[in-house]
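Asks: Next comes the sequence, and after it the predicted model I'd like to discuss.
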Amino acid sequence: TLTATATVNSGETLTWYDAASGGTVVSDPSLTGVGTVTYYAEASNDSTGCISSTLTPVTLTIEATPPPPISNGDLGECDSGQTLIATATVNSGETLTWYDAATGGTVVPDPSLTGAGTVTYYAEASDDVTACISTTRTAVTLIIEPLPDAPISSGDLTECDSGQTLTATATV
């Protein structure tokens, strides 16, 4: 909620109107929710009753916030030397910014992961015209699982053919 403010001199009263002339008195010159409204302030002298010759306009504007970015989903892979990159989309006329925290945090210019590990990045949308930002950030988690160690062989087996079966063994 935004509330219009203005000051008058000592011994004067401030009155708000909904029009520059011939308007209605407004007891609560405020705006709640997206939109724009203009209120007009008038000063009157408490002793003489004289009023200001002009009204002072005060415009209140609440801009819409963009929706949070849409995630293309968490990514997970087994480690094979690749790099995973977090992705998300925003509407036309908006800019996508990545952070290292759901609130506050530091801007991350390269939301990626190389090598085994887990990291979560948070995408925020900002309107290119109003600079309003999304009220929430969208989390995207990148996971690269470590590869298991290669099996340990019990050794090569060699036998002369006498009808037996050889079975290879290894330990993981």
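Replies: Cool, the structure landed. Residues are numbered from 1 along each chain as shown.
Asks: Go ahead and report the secondary structure state at the residue nearest the centre of the chain.
Replies: Centroid-nearest residue in the chain: E124, 2.9 Å away (criterion: C-alpha atoms, centre = their mean). Here E124 is recorded as strand under DSSP: H, G, I helix; E, B strand; the rest coil.
Asks: What separation do you get for it and I70?
Replies: Here the criterion is C-beta to C-beta, to the nearest Å. By it, E124 lies 13 Å from I70. The C-beta positions use only the backbone N, C-alpha and C, and glycine is treated the same way.
Asks: Same question for T5.
Replies: Between T5 and I70 the computed distance is 39 Å (C-beta to C-beta).
Asks: Which one's more surrounded, the two?
Replies: When T5 and I70 are compared on other C-beta atoms under 10 Å, the one with more neighbours turns out to be I70, at 14 against 9.
Asks: residues contacting that one?
Replies: By C-beta atoms under 8 Å, 6 or more residues apart in numbering, the contact list for I70 reads 88-90, 138.
Asks: Mind checking which of those residues are buried?
Replies: By neighbour count, with 16 or more other C-beta atoms under 10 Å, the contacts of I70 hold 88, 90, 138 as buried.
Asks: Quick check, pLDDT for the residue nearest to A116 when sequence neighbours are not counted.
Replies: Leaving aside its sequence neighbours, A116 sits nearest to P146 (C-beta to C-beta, 6 or more residues apart in numbering; 4.0 Å). In this model, P146 is scored at 93, pLDDT.
Asks: Mind listing residues that contact stretch 163-170?
Replies: By C-beta under 8 Å, 6+ apart, stretch 163-170 touches 151-154, 157, 159.
Asks: Going along the chain, name the helices of the protein.
Replies: Using DSSP state H, the chain contains no helices.
Asks: worst-scoring helix or strand of the chain, pLDDT-wise?
Replies: Counting by mean pLDDT, DSSP states H and E, the chain has its least confident helix or strand at strand 170-171, which shows a mean of 86.
Asks: in its sheet, what does that strand sit against?
Replies: Partner strands for strand 170-171, per DSSP bridges, with pairing direction: strand 152-153 (antiparallel).
Asks: pLDDT averaged over the partner strand - what is it?
Replies: 90.
Asks: next one: stretch 10-20
Replies: Mean pLDDT, computed over stretch 10-20, is 97.
Asks: Kindly check the end-to-end length of it for me.
Replies: Counting by C-alpha to C-alpha, to the nearest Å, you get 24 Å between the two ends of stretch 10-20.
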